[in-house]
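> Here is the input, now give the coordinates:
(one chain, ligands or ions: 1)
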Amino acid sequence: MTWNVLGHEWAAQLLKQHMIRKAVRHAYLFTGPEGVGRRTLALRFAQALNCLYPPVPGDPCGTCQICQQTGRMEMADLSIVQSEPDSHTIKIEQVRDLQHTLSLAPYQARYRVAVLLRFEEATAAAQNALLKTLEEPPQKVVLLLTADATENLFPTIVSRCEVLRLRPLAIEQLAEALQTYWEISNDEARKLAHLANGRPGYALFLHQNPQILHQLHQWSAEVFELLTESRRARFAYAEKVAKSREELRPVLLAWLSLWRDVMLAAGGADASLSNLEFESQIRCLAETIGWSKARACVAGLEQALVQLDSNVNIRLLTENVLLDWPRQSAI
Ligand SMILES: [Zn+2]
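As a prediction, the model looks like this:
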């Protein structure tokens with residue numbers, strides 16, 4: 001197999017060159033929006049570093065024991081550090097545990113690899129602790145960090161890593177790549193590329209998880225139903241979706257994506273819409289309510305997403321969002 005990282009071939013090439021020239025750095029930082037493919041690239045690099053039978057220098061075979069275990073994030077010399085789902089925080093204890101592991105020689109592979117996911121979620125203490133490892137890295141250790149942007153990490157962390165900035169692809173380019181490399185039909189590939197706003201990792205995630213794709217479709221369809229509903233029906237709906245912060249977040253994000261489309265369409269912008277399946281309804285709604293109302297709905301959702309992380313009552317928060325939406329006759 002090749003690296004198979006859609007749209008980030010330049011990054012794979014650079015990492016391959018480091019291996020071939022025996023100039024592998026101690027730490028790399030992959031930045032970019034969630035779903036762009038940061039973790040996939042980091043894991044592919046971890047495979048290439050330790051592959052037992054590389055078909056050509058710098059390429060992982062994808063099938064040896066180490067490649068397979070690394071792909072499943074279960075390899076003995078691979079450490080994964082990420083925040084707990086409920087806290088969204090990487091704590092200093094996790095970094096200390098990692099440091100202990102990294103002080104040991106590799107068990108079965110050439111390198112010990114540590115993958116630190118979404119490191120912008122690390123506390124200041126955790127970032128400071130990691131700095132020590134970055135300053136004096138143990139032998140045979142490679143650290144791979146991912147983050148949304150360098151600005152959200154300590155500059156001292158960033159300066160000690162080789163930074164690879166991953167960007168979304170042009171939507172047409174991603175649609176084409178999905179057809180060519182993943183044999184996804186033309187219509188489906190376009191739909192996924194738009195929904196993912198050009199982020200290959202997210203597009204593939206949706207393709208591999210049809211139930212999530214279906215759920216997103218459902219939440220978007222319900223927006224148009226809710227617009228025709230009374231206050232009372234909206235309250236009932238809020239009660240249904242506002243069960244927990246974790247369950248509510250993806251709903252709000254799906255709505256935000258849809259309302260951004262309405263705002264774009266109302267602005268008359270040529271920008272392509274994310275939710276292609278609802279294009280006619282989006283354009284119709286945009287024409288009826290206009291840009292400033294659409295903008296207000298976008299702002300309401302953005303604010304709700306920020307408040308979701310604070311101590312607010314999430315049912316009230318959802319009710320407020322829904323009551324701000326205009327009442328429409330059937331669209
Ligand atoms: Zn291999």
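
> Model confidence for the residue in the stretch 101-250 of the chain positioned nearest to the ion, exactly?
Sorted by distance to the ion under CB to the ion, the residues of the stretch 101-250 of the chain start with Ala109, at 10.6 Å. Bear in mind the C-beta positions are built from the backbone N, C-alpha and C, glycine included. In the predicted model, Ala109 carries a pLDDT score of 95.

> who touches it in this structure?
For Ala109, the contacting residues are 49-50, 66, 75-78, by CB atoms under 8 Å, 6 or more residues apart in numbering.

> Now, of those residues, which are buried?
If you count burial by 16 or more other CB atoms under 10 Å, the buried members of the contacts of Ala109 come out as 49-50, 66, 75, 77-78.

> For these, name the two members farthest from one another.
When the buried ones among the contacts of Ala109 are compared pair by pair using CB to CB, the farthest-apart members prove to be Leu49 and Met75, with a separation of 10.8 Å.

> quick one: secondary structure of the residue nearest to Val163 when sequence neighbours are not counted?
In space, Val163 comes closest to Leu29 once its chain neighbours are excluded; the distance is 4.8 Å by CB to CB, 6 or more residues apart in numbering. The three-state assignment at Leu29 reads strand, by DSSP: H, G, I helix; E, B strand; the rest coil.

> Leu253: how many residues sit nearby?
The number of residues packed near Leu253 is 14, by other CB atoms under 10 Å.

> for Leu258, same thing?
Taking other CB under 10 Å as the neighbour definition, Leu258 ends up with a count of 27.

> What residues does Leu169 make contact with?
Residues in contact with Leu169 (CB under 8 Å, 6+ apart) are 6-7, 177, 193, 198-200.

> Distance of Ser230 relative to Ile289?
Taking CB to CB, to the nearest Å as the criterion, Ser230 is separated from Ile289 by 18 Å.

> out of these two, which sits in the busier spot?
For Ser230 and Ile289, the more surrounded residue by other CB under 10 Å is Ile289, and the numbers stand at 19 against 9.

> contacting residues for the closest residue to the more buried one other than its chain neighbours?
Sequence neighbours aside, Pro326 is the residue nearest to Ile289 in space, at 5.3 Å (criterion: CB to CB, 6+ apart). For Pro326, the contacting residues are 227, 289, 293, taking CB under 8 Å, 6+ apart as the criterion.

> SS state for Pro326?
Following three-state DSSP, we place Pro326 in the coil state.

> For Leu204, which non-adjacent residue is spatially closest?
Nearest residue to Leu204, sequence neighbours excluded (CB to CB, 6+ apart): Trp182, at 7.1 Å.

> likewise Phe45?
Residue nearest to Phe45 in three dimensions, not counting chain neighbours: Leu15, with 5.1 Å by CB to CB, 6+ apart.
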